[in-house]
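> Take a look and give me a structure for this.
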Amino acid sequence: MTYPDYSDYTIKWATLPWEVEQAHALRRQVFCEEQRLFEKDDRDATDDHAHLLVALGSYGGWHQQVVGTVRIHHQGEGLWYGSRLAVDPVFRSQGQLGTTLIRLAVSSAHALGCQCFMATVQQQNEALFQRLNWATRHYALLFGQRHAVMEADLAAYPPCHTPNSGFVLRARRQPRNSECWAGLLGMPASGSATLQEAR
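Residues are numbered from 1 along each chain as shown. Modelled structure (predicted):
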């Protein structure tokens, strides 16, 4: 499957109207059209007070498109939840977008005083979360599907105090015009995906 040759991906809190609009459109694509968990729209009351995170495909830091999203919300004293993790199917082979969204979700909540971060995870993704230092607390049946209720090990997620700028992830496959981009951006022309906190 082909996808735009973005040079990098920025994972951050959504701060602009088009980022929020595209994030909700992506959620409808994944949860309504692909998984058929909801009929027309997956938005609920939690969205009224949740923080929305996005993964943005970019050319040298110029953001072009929302390719992934997740939301977090404060449930009570020290208790935070994450939900609605979605990555555009076209970009799932890029790797690390979902895991970096999870990283920023937990780390930004940690910076806001989170003492316990929970998520209800579709069971096919339970092993992935376990590799990311999450522990299964119990199971629940939601939307007719078995889910794992899991808790993140906060020791593995240092606080991130700059969620509006977030993290930058270099594309696993560099653009076809990478030599041009390397000169423009002052980046190496090749190499494996790397992650850095945006400044």
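> Tell me, please, the helix or strand in the protein that averages the lowest pLDDT.
helix 178-185 (a mean of 39; mean pLDDT, DSSP states H and E).
> So the most centrally placed residue in the chain, which state does it fall into?
The centroid of the chain falls nearest to residue 101 when counting by Cα atoms, centre = their mean (2.5 Å). The three-state label given to residue 101 by DSSP: H, G, I helix; E, B strand; the rest coil is helix.
> That one and residue 39, how far apart?
As judged by Cβ to Cβ, to the nearest Å, residue 101 and residue 39 stand 25 Å apart. Bear in mind the C-beta positions are built from the backbone N, C-alpha and C, glycine included.
> try residue 131
Taking Cβ to Cβ, one finds residue 131 at 33 Å from residue 39.
> pLDDT weak spots in the chain?
1-3, 173-199 (pLDDT under 70).
> Specify the local secondary structure of the closest residue to the residue nearest to the centre of the chain other than its chain neighbours.
Using Cβ to Cβ, 6 or more residues apart in numbering and skipping the chain neighbours, the partner closest in space to residue 101 is residue 70 (4.6 Å). For residue 70, the assignment made with three-state DSSP gives strand.
> Might one say that residue 70 is in contact with residue 82?
Yes - using Cβ atoms under 8 Å, residue 70 is in contact with residue 82, at 5.9 Å.
> overlap in contacts of these two?
When contacts are counted by Cβ atoms under 8 Å, 6 or more residues apart in numbering, the set common to residue 70 and residue 82 consists of 102, 105.
> Please enumerate the strands of the chain.
Using DSSP state E, the strands found in the chain span residues 8-13, 51-59, 62-76, 79-87, 116-122, 134-142, 145-152, 167-170, 195-197.
> Partner strands of the first one, with direction?
It refers to strand 8-13. With DSSP bridges as the test, strand 8-13 is paired with strand 51-59 (antiparallel), strand 167-170 (antiparallel).
> Then the fourth one?
The pairing partners recorded for strand 79-87 under DSSP bridges are strand 62-76 (antiparallel), strand 116-122 (parallel).
> Switch those strands over to CSV; also include mean neighbour count.
Shown next, in CSV, are those (neighbours: other Cβ atoms under 10 Å):
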stretch, mean neighbour count
strand 62-76, 19
strand 116-122, 19
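> Make JSON lines from the ones you listed and add distance to residue 164 to it.
Formatted as JSON lines, the strands paired with strand 79-87 follow (distance: least, Cβ to Cβ, whole Å):
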{"stretch": "strand 62-76", "distance to residue 164": "13"}
{"stretch": "strand 116-122", "distance to residue 164": "19"}
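> picking that back up, now do the contacts for the residue nearest to residue 101.
53, 82-86, 101-102, 105 are the contacts of residue 70 under Cβ under 8 Å, 6+ apart.
> any idea how far residue 86 is from residue 137?
In terms of Cβ to Cβ, residue 137 sits 23 Å off from residue 86.
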